[in-house]
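1. sequence and computational prediction follow.
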Amino acid sequence: MKRILFFSVVLFAIAEIAKANSFIADINEESGLSGRFIFFQSNTLEDTEVQITLSGLFSAPVNYYISEYPIDESETDVATRCASSETGSTWNPKGLTDTSGCSQTTPSSDYNTLCAAGDLGIKHGKLKTQSVDKLFTDESIKLFGKDNIKGRSLVLSDITGTPLACTNIKPVTTQRKAQAVFDTILDGYAFFQQDIDAVCSDNQDFCTDTTIQLKLKKTTGVGGPNHGYAILNGPCSDPNSGVVNQVYPQSFIWPGTASQYNTCPSDATEQKYWSQCVPGYLSLKHGDITLTTDDYTEAVLTDPFVKMQDVVTNGFVVFEQGGPNRVILECKDIQEVPPSASPPNSVTAPDTSSSSRALMSSGSIFVAIVSLVFVFLN
């Protein structure tokens, strides 16, 4: 029983580390003060990033802080809606009784011992101009666990402490999915999935990685290794994509910045090299695949440089490697599907011992760690 409990705790902990969270707080007051606060934490081990975009700050300098309780959004009077009697005290999950030593010069390593977590303006500086575009990180603000800020409120006040605006902090994550389905020379699909929200729509730096599931086989011809796959710089039907000639040079791969190939290593399967490569050349980053007429080749990839808003309607091409031009087997456009959609057929994790290679993502790391724990317990 102890082993089962320990095993379950390890599984839960790894799953929590692997995911990302983003919250948003929108400001829209009749006074003309408007904008957005974005909170993003990539996983439980990382600091939270905070981005502020505001305009109409005619009472600068302005303080801003996270309060304990949500506001009543039906209340139209700012003074009533944002009063401390409604929002509670500044968010202080550590229960610090003396935060007088907290200031803008306090090292981030001391936030948890000197500062109330919600005192953003004191830690990171008040807003002093009518328009603000500000980005900082804060290790004491949490988007996971019992001390996360979901459902709390964000308050802006002038130098006297009079509230100017307030709003609730909300999670806004949804899923966006798309697929390219092959049915001629090839049979199978490439299925794309990414967590998308208003945060990601405004700033792609806050987007989560895209998961790409491949399940492919040949319906005719001779099978073999060294098959590549890529996202094109436009639909398959676009003459500029190169598909009409059944071959295409590297410059046709999305986003068409061929100069990046000058720095892209010949084997870029380590993620640290990916920023040097054209994002759409997936097989260069994740490895070629073997295609046969007998069985499907399956792979699950995770890619931080592929963003759904950029690649939907572009062509997804599978080709045979060889020389500067690649012989195309088949090209299909990436079409968006409903968030509830699943791949046309179930996909299993790739066998990394075969020629079907995939980058070790958080899922395979998860399996590896779990296996080690199981061996240790036995």
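-> Ah, there it is.
2. all helices for the stretch 51-200 of the chain, in order.
-> 78-81, 84-87, 111-114, 120-124, 198-202 (DSSP state H, counting those that start in this stretch).
3. ditto for the stretch 201-350 of the chain
-> Under DSSP H, counting those that start in this stretch, the stretch 201-350 of the chain gives helices at 282-286, 308-311.
4. make CSV out of the helices of the stretch 51-200 of the chain and add mean pLDDT.
-> What follows is these, written out as CSV (pLDDT from 0 to 100):
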stretch, mean pLDDT
helix 78-81, 94
helix 84-87, 94
helix 111-114, 90
helix 120-124, 94
helix 198-202, 57
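5. right, and those - which one's nearest I66?
-> Comparison of these against I66 by CB to CB identifies helix 120-124 as nearest, at 6.7 Å. The way it works is simple: take the backbone N, C-alpha and C, and place the C-beta from them, glycine included.
6. quick one: contacts of that closest one?
-> The contact list for helix 120-124 (CB atoms under 8 Å, 6 or more residues apart in numbering) reads 50, 62-66, 102-104, 106, 111, 115, 127, 134, 136, 138, 141.
7. which parts of this protein belong to which domain?
-> The record's domain parsing of the chain by automatic domain parsing lists 21-171, 174-369.
8. tell me which element S22 is part of?
-> Using DSSP states H and E, S22 maps to strand 21-28.
9. go through that strand and flag the buried ones.
-> Judged by neighbour count (16 or more other CB atoms under 10 Å), strand 21-28 contains these buried residues: N21, S22, F23, I24, A25, D26, I27.
10. hmm, T208 is touching Q193, no?
-> No - counting by CB atoms under 8 Å, T208 does not reach Q193; the two are 9.9 Å apart.
11. overlap in contacts of these two?
-> In contact with both T208 and Q193: no residue, using CB under 8 Å, 6+ apart.
12. run through the bridge partners of E336.
-> Beta-bridge pairing of E336 under DSSP bridges involves A178.
13. list the contacts of it.
-> R176, K177, A178, V312.
14. for burial, what's the neighbour tally of the first one?
-> Here the number of neighbours of R176 (other CB atoms under 10 Å) works out to 20.
15. any idea what sits nearest it, other than its immediate chain neighbours?
-> I196 (4.3 Å; CB to CB, 6 or more residues apart in numbering).
16. report pLDDT for the one you found.
-> We have a pLDDT of 70 for I196.
17. check the helices of the stretch 51-200 of the chain for me and report the most buried one.
-> Counting by mean count of other CB atoms under 10 Å, helix 120-124 has the highest mean neighbour count of the helices of the stretch 51-200 of the chain, with a mean of 21.
18. chain center to that helix, what's the gap?
-> Computed by CA atoms, centre = their mean, to the nearest Å, the chain-centroid distance of helix 120-124 equals 26 Å.
19. then stretch 52-68?
-> Using CA atoms, centre = their mean, the offset of stretch 52-68 from its chain centre is 27 Å.
20. any low-confidence regions in the stretch 1-150 of the chain?
-> Along the stretch 1-150 of the chain, the model assigns pLDDT under 70 to residues 1-20.
21. how about the nearest residue to the most centrally placed residue in the chain, chain neighbours excluded?
-> Nearest to the mean C-alpha position of the chain, counting by CA atoms, centre = their mean, stands T208 at 0.8 Å. Excluding the flanking residues, the one nearest T208 by CB to CB, 6+ apart is D195, at 4.3 Å.
22. the one you found reaches Q175, doesn't it?
-> Yes - between D195 and Q175 there is a contact at 5.9 Å, judged by CB under 8 Å.
23. strands along the stretch 151-300 of the chain, start to end?
-> Ranges of strands in the stretch 151-300 of the chain, per DSSP state E, counting those that start in this stretch, are 153-157, 163-168, 170-171, 174-183, 186-196, 210-218, 224-231, 247-248, 289-291, 297-303.
24. deepest of the ones you listed, which one?
-> strand 153-157 comes out most buried of those by mean count of other CB under 10 Å, with a mean of 24.
25. only C-alpha atoms, please: export that strand in PDB.
-> C-alpha atoms of strand 153-157 as PDB (Å, rounded to 0.1, in the frame of the first residue of the first chain):
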ATOM      1  CA  SER A 153      -8.600  40.700  -7.300                       C
ATOM      2  CA  LEU A 154      -6.200  43.200  -8.700                       C
ATOM      3  CA  VAL A 155      -6.500  46.800  -7.400                       C
ATOM      4  CA  LEU A 156      -5.000  50.000  -8.700                       C
ATOM      5  CA  SER A 157      -4.800  53.100  -6.300                       C
END
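26. what pairs with it, parallel or antiparallel?
-> When DSSP bridges is applied, strand 153-157 pairs with strand 63-67 (antiparallel), strand 163-168 (antiparallel).
27. just to revisit the earlier point, output the contacts of E336 in JSON lines, with pLDDT and distance to V78 appended to each entry.
-> Listed next are the contacts of E336 as JSON lines, based on pLDDT from 0 to 100; distance: CB to CB, whole Å:
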{"residue": "R176", "pLDDT": "85", "distance to V78": "36"}
{"residue": "K177", "pLDDT": "91", "distance to V78": "40"}
{"residue": "A178", "pLDDT": "95", "distance to V78": "42"}
{"residue": "V312", "pLDDT": "90", "distance to V78": "41"}
